[in-house]
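1. show me the folded form of this:
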Amino acid sequence: MEKRFILRGVLAGAVAGLLAFVFARIFAEPQIAKAIDYESGRDAAQEALDKAAGMAPGAAEPELFSRTIQADVGIGVGMVFFGIAMGALFAVAYAICVGRVGKLRPRNLALLVALGGFLGMYLVPFLKYPANPPAIGHEDTIRDRSNLYLLMVLCSVVFLVGAVWLGKRLQARFGNWNAVLLAGAAYAVVIGIVMAVLPQFGELSANVKEYGHHATETPLPLTDAKGTIVFPGFPADVLFSFRFYSLAAQALLWGALGLVFAPMAERLLDPAARTSARPAPNQPEPVGAA
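-> Predicted coordinates for the structure are as follows:
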């Protein structure tokens, strides 16, 4: 049974990843292009400042893949494989929940698991460490940022599972509705503490040493030795649009994953429901049927 769940989860994840890619290609990719243009312009301005100060310009790194390849093939393959991976994890979580979370229909359970995956795997970590386009983030902090984000995802998923377990334990005493509210409040408090304890990216030691204390790594205006602004900071509208469309793409991926997986799970768990809608071999067709 578990293998059949995983197979269906992989299929649903591939479809969801493809839909998310199409959405991201249309809406998020233009914001990525704007961010790359900003980064190129800022690098040129920094190079001019260094040249004026008598510093030798650094060697430009060769571009391994063109923007067309990155925007179409790279992002497309990445989104589909990400959807497949999330689909397999989704199927495992679904198999664990079957029969353990009350008398839910297979379709409803699929949608709830998809909602939990979106909340735990993306939305809650996004609130602490939102997605950033190119040109935001420094090379010296890549490892620290990756570790902090993965830690945030791990805490979110573990505490979400704990909230489900707590809700089940409180159900007999407080009823379904109150148990859900209490478990949700406990999750919000614990994850809020984690968010408060974990540092902002701008407060990482490498950033503080070079740029001072800031909340994020979003590039500030570039200034010359006299303090005159020679290049503006990163556009706020591009940053907002990129984060909004990134969030929407993930919501589309998890929503499509739940909707595609739901009917397949229902046919697998309740084959009688699949055959009940079909007329028996000798059963007369309804009046007026073509």
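
2. what are the ranges of the helices in the stretch 151-290 of the chain?
-> 205-211, 236-269, 271-276 (DSSP state H, counting those that start in this stretch).

3. which of these comes out lowest on mean pLDDT?
-> Among the helices of the stretch 151-290 of the chain, helix 271-276 carries the lowest mean pLDDT, at a mean of 51.

4. domain assignment for this structure?
-> 1-51+69-135+236-270, 137-217 (automatic domain parsing).

5. out of these, nearest to residue 226?
-> Closest to residue 226 of the domains of the chain, according to CB to CB: domain 1-51+69-135+236-270, at 11.2 Å. C-beta coordinates here come from the backbone N, C-alpha and C atoms, glycine included.

6. run through the residues that contact the nearest residue to residue 133 once chain neighbours are set aside.
-> Excluding the flanking residues, the one nearest residue 133 by CB to CB, 6 or more residues apart in numbering is residue 35, at 3.7 Å. By CB atoms under 8 Å, 6 or more residues apart in numbering, the contact set of residue 35 is 133-136, 234, 238, 242.

7. A strand includes residue 35, no?
-> No: counting by DSSP: H, G, I helix; E, B strand; the rest coil, residue 35 is located in no strand; its state is helix.

8. any chance of JSON lines for the helices of the stretch 151-290 of the chain, columns mean neighbour count and distance to residue 180?
-> JSON lines is the format used below for the helices of the stretch 151-290 of the chain (neighbours: other CB atoms under 10 Å; distance: least, CB to CB, whole Å):
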{"stretch": "helix 205-211", "mean neighbour count": "13", "distance to residue 180": "40"}
{"stretch": "helix 236-269", "mean neighbour count": "19", "distance to residue 180": "19"}
{"stretch": "helix 271-276", "mean neighbour count": "10", "distance to residue 180": "27"}
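
9. of all the ones you listed, which one is nearest residue 164?
-> Judged by CB to CB, the one of the helices of the stretch 151-290 of the chain that comes nearest to residue 164 is helix 236-269, at 16.4 Å.

10. ok so, going back, single out the most deeply packed of the domains of the chain.
-> Across these, averaging neighbours per residue (mean count of other CB atoms under 10 Å) puts domain 1-51+69-135+236-270 on top, at a mean of 18.

11. so how far is stretch 235-245 from its chain's centroid?
-> A distance of 16 Å separates the centroid of the chain from that of stretch 235-245, by CA atoms, centre = their mean, to the nearest Å.

12. wait, I meant stretch 247-263
-> 12 Å.

13. ok so, going back, among the contacts of residue 35, which one sits closest to residue 201?
-> Nearest to residue 201 among the contacts of residue 35, with distances taken as CB to CB, is residue 136, at 9.1 Å.

14. report pLDDT for that closest one.
-> 88.

15. count of neighbours near it?
-> Look at residue 136: counted by other CB atoms under 10 Å, it has 19 neighbours.

16. next one: residue 52
-> Applying other CB under 10 Å, we find 10 residues neighbouring residue 52.

17. ok, the closest residue in space to it that isn't next to it in sequence to residue 218 distance?
-> Among residues not flanking residue 52 along the chain, residue 224 sits closest, at 7.9 Å (CB to CB, 6+ apart). Distance, residue 224 to residue 218, using CB to CB, to the nearest Å: 20 Å.

18. contacts only, for the spatially closest residue to residue 216 that is not a sequence neighbour.
-> Using CB to CB, 6+ apart and skipping the chain neighbours, the partner closest in space to residue 216 is residue 202 (4.7 Å). Shown in contact with residue 202 (CB under 8 Å, 6+ apart): 208, 211, 213-217.
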